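> need a structure here:
(one chain, ligands or ions: 1)
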Amino acid sequence: MGRKFCVGGNWKMNGDKKSITELCDILKKGPLDPNVEVVVGCPAPYLTLAKSLLPATINVSAQNAYKVAKGAFTGEISPAMLKDLEINWVILGHSERRAIFGETDQLIAEKVAHALAEGLKVIACIGETLQEREAGQTEAVCFRQTKAIADAIKDWSNVVIAYEPVWAIGTGKTATPEQAQEVHAALRKWFTDNVSADVSASIRIQYGGSVTAANCKDLAAKPDIDGFLVGGASLKPEFVQIVNAKQ
Ligand SMILES: O=C(CO)COP(=O)(O)O
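Residues are numbered from 1 along each chain as shown. Purely as a prediction, here's the structure:
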């Protein structure tokens, strides 16, 4: 199939100069599987620090960016600014952005489209809440979130989808490999039916939500799981083992 395994770390709003320097040292030592694309989502103030400390084989990502290049948008960061710092990735649509900061499917789609147009690679996050899962809406929610993006972009080659069930984020309640695989397979079918067979076959779909060194290998063994987006464990040495889950 040829989809390169892609593991992201989402550091969220954590770290300081000291701890980020220590974490970068751990990542540098690895060793990290050279067949895996590694992306670490660093808080904005430390992007340049992380970039300066890490080898080029470890990609540094922002955790958010706005939908236009510049202007009167106090507090926002543009994709053009990230490119200027030689940051080539951005995480968009994280459930925390959606739930805490009120980001809509539409805004996220506009952000994805603009980030791609500016030459960034995007990890676009989707996923259902516990209430939505219990109401049998998992696929409907994931498809709706993905469709909003599909309506805004044509080229998916620089997009990685992160399926992150909200109920699994930061809770220690990982989706079982079967639960995750079921949604990943449904998403891949959605891409076949609604975008193209080529995009369906090539797009990487990461799983995120309480991924640890202990559960990553079973998840990674599933055919439609092409990597992870890791929160808490990405701040710890075990992130190295998660990157190497396929070994
Ligand atoms: O939100 C996440 C990654 O974006 C997942 O967080 P945890 O790995 O801490 O559950």
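> List the residues that contact the nearest residue to residue 171 once chain neighbours are set aside.
In this structure, residue 171 finds its nearest non-sequential neighbour in residue 210, 6.1 Å apart by C-beta to C-beta, 6 or more residues apart in numbering. Backbone N, C-alpha and C define where each C-beta goes, glycine included. Counting by C-beta atoms under 8 Å, 6 or more residues apart in numbering, residue 210 touches 168-174, 232.
> Need the residues that contact stretch 34-51.
4-15, 17, 20-21, 24, 27, 32, 54, 57-64, 77, 82, 85-87, 89, 91, 123, 227, 234, 243-244, 246.
> mean confidence score for it?
What stretch 34-51 shows for mean pLDDT is 98.
> Put the alpha carbons of that stretch into PDB.
Extracted in PDB, the C-alpha atoms of stretch 34-51 (Å, rounded to 0.1, in the frame of the first residue of the first chain):
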ATOM      1  CA  PRO A  34      13.800   5.900   9.900                       C
ATOM      2  CA  ASN A  35      10.800   4.500   8.000                       C
ATOM      3  CA  VAL A  36       8.400   6.600  10.200                       C
ATOM      4  CA  GLU A  37       7.500  10.200   9.500                       C
ATOM      5  CA  VAL A  38       7.700  12.000  12.900                       C
ATOM      6  CA  VAL A  39       6.000  15.300  13.600                       C
ATOM      7  CA  VAL A  40       6.000  17.100  17.000                       C
ATOM      8  CA  GLY A  41       3.400  19.700  17.700                       C
ATOM      9  CA  CYS A  42       5.100  22.300  19.800                       C
ATOM     10  CA  PRO A  43       3.600  25.400  21.600                       C
ATOM     11  CA  ALA A  44       4.000  28.500  19.400                       C
ATOM     12  CA  PRO A  45       6.500  30.300  21.600                       C
ATOM     13  CA  TYR A  46       8.900  27.400  21.500                       C
ATOM     14  CA  LEU A  47       8.700  26.500  17.800                       C
ATOM     15  CA  THR A  48      12.000  28.000  16.900                       C
ATOM     16  CA  LEU A  49      13.700  26.500  19.900                       C
ATOM     17  CA  ALA A  50      12.500  23.000  19.000                       C
ATOM     18  CA  LYS A  51      13.300  23.500  15.400                       C
END
